[in-house]
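> give me coordinates for this.
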Amino acid sequence: MTAAEGGTPALRPARELARSSSRYPGESTAYREARNALLAEEIELRRHIERVAAQRRALPPGGEVPENYLFEGEGGPVTLAQMFGEHDTLVIYNWMFGPKRARPCPMCTSLLSALDGEMPDILQRVSFAVVGRAPIGRLADFRKERGWRYLRLYSSGGNTFNRVYAHEDPDGDDNPALNVFTLRDGIIRHFWGAEMGPDSADPGQDPRGAPDLMPLWTILDTTPGGRGVDWYPKLEYGKPGGV
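Next up, the predicted model:
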């Protein structure tokens, strides 16, 4: 079936599309050949990301959430249902900032700092909440320190949400988690959760999801040095021993 008949449009081979007319000063023939070969792989990667996103959207209904969890927001108690606001989809990020931590996880914080800038756009389509087990006052204080303007913070210290959806041991360490929920006909369901972690990591790589949510790593992946093997974000720079 052709695209005109209502089928999926036929895609041209990536190698045909990768015949870039771009040229940069001083580049060699060997560079251009290697760059066009890489461009073909980049086109295939984009297509694979699209296929995975379509497969994710086609998931059957997930499990019904066992309770309408009560969180503590900066303005007082808020239920999970209330966190949806005007949308029928809610994304929740579990921030590694539990009551035992003096300071939050630098990696989580790096991601959230990037998302804070994107939040006015994200909130046009879905609701987004950041959940941590530390008291809401500590979460809010760090928001001010970091200069976040748009992220909506909630403490889950008084419920079992982190145990159920971030698989945390209440007496153990914090876990990062990303979960998506839907609210339809008064029923909250789990739609999707990130499940890639240490057990699915490839040799020599830090565990991460795909696509990687962190703009930091996306930028560094375009550079000759890449991500490096022993560098991670810190909460502060320019101070001896700053973390």
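
> any idea which element the spatially most central residue of the chain lies in?
Note on the chain: the residue nearest the mean C-alpha position is residue 213, at 3.8 Å, using Cα atoms, centre = their mean. Under the assignment given by DSSP states H and E, residue 213 is not contained in any helix or strand.

> show me what contacts residue 107?
96, 176, 214, 232-233 (Cβ atoms under 8 Å, 6 or more residues apart in numbering). In short, each C-beta sits where N, CA and C put it, glycine included.

> what about the residues you listed, which are in strands?
The strands, defined by DSSP state E, take in nothing from these.

> which of the residues you listed has the largest number of neighbours?
residue 96 (21 neighbours; other Cβ atoms under 10 Å).

> contact partners for that one?
Per Cβ under 8 Å, 6+ apart, neighbours of residue 96: 104-105, 107-108, 132, 173-176.

> give me the buried subset of the residues you listed.
Neighbour-count burial (16 or more other Cβ atoms under 10 Å) applied to the contacts of residue 96 gives 104-105, 107-108, 132, 174-176.

> with the residues you listed in mind, which one is nearest to residue 28?
residue 107 (38.5 Å; Cβ to Cβ).

> buried sites along the host helix or strand of that closest one?
Residue 107 belongs to helix 106-122 when assigned by DSSP H and E. By neighbour count with 16+ other Cβ under 10 Å, helix 106-122 contains the buried residues 107-113, 115-116, 119.

> want to throw those residues into a markdown table with pLDDT?
Below are the buried residues of helix 106-122 laid out as a markdown table (pLDDT from 0 to 100):
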| residue | pLDDT |
| --- | --- |
| 107 | 94 |
| 108 | 96 |
| 109 | 96 |
| 110 | 96 |
| 111 | 96 |
| 112 | 97 |
| 113 | 97 |
| 115 | 97 |
| 116 | 98 |
| 119 | 98 |
